[in-house]
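Chemist: no sequence for this one, just the structure:
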Ligand SMILES: [Zn+2]
């Protein structure tokens with residue numbers, strides 16, 4: 001449990017970090033372009049972007065490469081954040097209203113969305129055999145509604 005949360009958090013941190021580095025990279029490119037007068041005209045802009053080299057930690061790359069790098073980092077970071085959000089959504093719990101076929105008693109129970117989807121809900125509406133909290137018989141409860149009406 002703790003490990004799962006840690007994994008989620010580190011995934012989130014990694015995604016954010018990549019986005020931040022990507023934004024910083026793009027800002028540095030913009031600043032460099034501004035410094036070399038690339039905003040004077042469109043021709044100057046494309047020339048500086050494609051020709052101007054910029055050295056970081058001894059590695060000289062053209063500004064266009066930094067731009068591409070920044071965009072790639074933004075996209076990868078964004079994908080990580082979205083993927084993480086999707087996992088959280090799937091693990092979500094929904095409150096379902098169950099009905100006992102014997103005594104018609106209704107009660108609420110939390111079920112995971114993944115469980116509902118894997119059992120074939122909304123086509124399949126009966127759960128595995130369990131004890132009814134009212135009549136104490138072993139029954140297969142029927143799902144009457146789920147929180148929000150649908151999954
Ligand atoms: Zn019952």
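Modeler: Perfect, thanks for sending it. None of the values given here were measured: they were computed from a predicted structure.

Chemist: Quick one: residues in contact with the lowest-mean-pLDDT helix or strand in the chain.
Modeler: The weakest-scoring helix or strand in the chain, judged by mean pLDDT, DSSP states H and E, is strand 53-56 (a mean of 75). By Cβ atoms under 8 Å, 6 or more residues apart in numbering, the surrounding residues in contact with strand 53-56 are 28-29, 32, 60-63, 66. No exception for glycine: its C-beta is placed from N, CA and C like everyone else's.

Chemist: Endpoint to endpoint, stretch 37-45 covers what distance?
Modeler: Stretch 37-45 has an end-to-end distance of 8 Å (criterion: Cα to Cα, to the nearest Å).

Chemist: Look up the closest residue to residue 22, ignoring the ones flanking it.
Modeler: residue 73 (3.3 Å; Cβ to Cβ, 6 or more residues apart in numbering).

Chemist: what about the one you found, which helix or strand?
Modeler: For residue 73, the host element (DSSP states H and E) is helix 63-90.
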